[in-house]
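Novice: Quick one, fold the following:
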Amino acid sequence: MIAKPHFAFFDEGSKKEIRRATLKAVAIPGYQVPFASREMPIARGWGTGGLQLTLSLIGRNDVLKVIDQGADESVNAVSIKKLVQHTTGVSVTEKTQEADIIQSRHRIPEKALKEDQILVLQVPNPEPLRKVDAREYMTKRMHAEDDYSGAWLLLFEQIMKFGRMSTGASHPVYVNGRYVMTPSPIPRFDNPKMHQSKGLILLGAGREKKIFAVPPYTSVESLAFDDYPFTVESFEGKACKLCGSTDVFLDEIIDPDTGERTHQCNDTSYCMEQLNSEEKVEVENSYV
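Specialist: This next block holds a predicted model:
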């Protein structure tokens, strides 16, 4: 007799164990909860932590969206979507507002999350104090004692060396006024989106065996000094060459033949939605 394959790849016991760790992470915002990370059919470092969260939470009627650095069609995003679809049969979408679960690598979608949505972020290095002390028991102790002087010192050293805080991604945040957390390798541009988010944000690190969370309507404050406030990447004077958006995270594109520099929305589905809405307006106006 051939055994029936499990829904969403894992057996029910494995999914329950991951859910228990997830519930604890939601109950203690920003706290890194250890969990028994499972072996996956993809290499560690390619999103196993986020994938385990998604597979443990997804239901038969859920709609999934997967993005990799803003793109729905990248190799990582397509591979994860295929695995989830193959083991669950759920529907997938490229539209942020239609998804129940959004798994992402390195970006938070441009459209704000809704109350019934879950954003799952893949995290390679969950410990914001790892550069302060490489020993796990020492970083645990610093978190327990609310001792984040080392994290502040790292930012101070950046200011002394570069005249500003130079974190391009993973800029540490204070969650709920208690734990310092790494927000995954998202750009600084996305940090403010975590503050008072309507949707649940879950972060999973498969290789490091950690799960942590930002529950809905939770305070998330990026670490900064009074005289050196936190700033996001500036795209002043620049616009997407396709849809014309100016208030989103933009990628710089260099034409290999002419050397011309242009910009385009990093969130490809957002860009397409803007283009489609503009075309719809043009068609409607043509009938006026």
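
Novice: Now do the helices in the stretch 1-150 of the chain.
Specialist: Defined through DSSP state H, counting those that start in this stretch, the helices belonging to the stretch 1-150 of the chain, from first to last, are 12-27, 48-57, 75-88, 136-144, 149-162.

Novice: which of those helices is buried the deepest?
Specialist: Among the helices of the stretch 1-150 of the chain, judged by mean count of other C-beta atoms under 10 Å, the one packed with the most neighbours on average is helix 48-57 (a mean of 25). Every C-beta, even on glycine, is put in place using the N, C-alpha and C of the backbone.

Novice: returning to that earlier point: do you know which of the helices of the stretch 1-150 of the chain lies nearest His263?
Specialist: Distances from His263 to each of the helices of the stretch 1-150 of the chain were compared by C-beta to C-beta, and the smallest falls on helix 75-88, at 21.7 Å.

Novice: separation between Gly49 and Arg20?
Specialist: From Gly49 across to Arg20, the span is 16 Å (C-beta to C-beta, to the nearest Å).

Novice: same question, Ala8
Specialist: In this structure, Ala8 lies at 16 Å from Arg20, with C-beta to C-beta as the measure.

Novice: just to revisit the earlier point, could the helices of the stretch 1-150 of the chain go into a markdown table alongside distance to Ala99 and mean pLDDT?
Specialist: Output for the helices of the stretch 1-150 of the chain, formatted as a markdown table (distance: least, C-beta to C-beta, whole Å; pLDDT from 0 to 100):
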| stretch | distance to Ala99 | mean pLDDT |
| --- | --- | --- |
| helix 12-27 | 18 | 97 |
| helix 48-57 | 11 | 96 |
| helix 75-88 | 11 | 94 |
| helix 136-144 | 32 | 97 |
| helix 149-162 | 33 | 96 |
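
Novice: Nearest to Glu127, out of those?
Specialist: Where these are weighed against each other on C-beta to C-beta, the nearest is helix 136-144, at 5.5 Å.

Novice: Identify the residue spatially nearest to Asp190, adjacent ones excluded.
Specialist: Using C-beta to C-beta, 6 or more residues apart in numbering and skipping the chain neighbours, the partner closest in space to Asp190 is Ile108 (4.2 Å).

Novice: Assess the claim that the one you found and Gly199 are in contact.
Specialist: No: contact status for Ile108 versus Gly199: not in contact, 10.0 Å apart, counting by C-beta atoms under 8 Å.

Novice: Give the residues shared as contacts by the two.
Specialist: By the contact definition C-beta atoms under 8 Å, 6 or more residues apart in numbering, Ile108 and Gly199 are jointly contacted by Leu119.
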